[in-house]
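Student: What would the 3D arrangement of this be:
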Amino acid sequence: VSTQSTWVRCCMYDGSKNWLWKINKLIDKSRSCNLCLWRWDEAIYHLSNTRILLIGDSITRYQYLSLVYFLHTKTYPTLDHGLCEERQFKHWNLFFQYTNDLFNRTECCDCRRNNHTDIQENRYYFNPTYNITISFVMWSFRTIKSYYLPPQDMNCYNNCIIGQCNATSLNTFKDFVTLLITRIQPSHVLCVD
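Tutor: Take a look at the predicted model:
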């Protein structure tokens, strides 16, 4: 694989709502970084036959959505795609449906948000051509409330309708580790606290 990737300057999270990566704009030189923008074929080469599990908050969700969008469409998302701006939707379930529809039945979205305490967001993406599985589990307020256990083949789109998945309640983090991680069998785990 060629190493002709593009390196760009980026802006890291500055504590405000403007946390998004600003490609080719360096806002705060003291907090700058270099970010490699992989070409799609390079990303596929490195991610083929992997199972990645991302556990975290909303920022981790946006990382998941951006990565899956890139892998699925072969292009990087732009700010007008709505991936990272759920506030433009009148209800969370509309955001969940919109982002889920972008991936053409390759993602299960075990997602619902009815109020500030009834929040669940677990997403499962599978690319059978390259055998890439990327899963995201929302870990808000240090709890994982419930889960939808995807089938072994990760073909769960029709079985998990947004806001209506037959999720099982979790009593402990051990339940999560034992049941969900055993099913997903990740090769890589990223947990952001």
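
Student: Any regions of this protein where pLDDT drops low?
Tutor: Applying pLDDT under 70 to the chain flags the ranges 1-36, 80, 140-160, 163, 165-171, 193.

Student: switch the cut-off to 80
Tutor: 1-37, 78-85, 105, 114-120, 139-180, 192-193 (pLDDT under 80).

Student: Which strand runs longest in it?
Tutor: The strand that spans the most residues within the chain, counting by DSSP state E, is strand 119-127.

Student: what about Cys191, how many neighbours?
Tutor: Other residues within reach of Cys191, judged by other CB atoms under 10 Å, total 11. (Glycine included, C-beta is placed from N, CA and C.)

Student: sorry, that was for Ala43
Tutor: Residues near Ala43, counting by other CB under 10 Å, number 19.

Student: Quick one: classify it as helix, strand or coil.
Tutor: Secondary structure for Ala43, judged by DSSP: H, G, I helix; E, B strand; the rest coil, is helix.

Student: list the helices and strands the longest strand of the chain packs on?
Tutor: Applying 3 or more CB pairs under 8 Å, 6 or more residues apart in numbering; DSSP states H and E, one finds that strand 119-127 contacts helix 58-73, strand 107-113, strand 132-138.

Student: In the chain, what residue spans correspond to helices?
Tutor: 40-47, 58-73, 92-101, 173-176, 182-184 (DSSP state H).

Student: what's the angle from the first one to strand 119-127?
Tutor: Okay, so that is helix 40-47. Relative orientation of helix 40-47 and strand 119-127, computed by axes from the mean of the first three to the mean of the last three CA atoms, to 10 degrees: 100 degrees.

Student: quick check: angle from helix 40-47 to strand 132-138?
Tutor: Following the same axes, to 10 degrees, one obtains 80 degrees for the angle between helix 40-47 and strand 132-138.

Student: List the buried residues of helix 40-47.
Tutor: Of the residues in helix 40-47, those scored as buried under the neighbour-count criterion (16 or more other CB atoms under 10 Å) are Glu42, Ala43, Ile44, Leu47.
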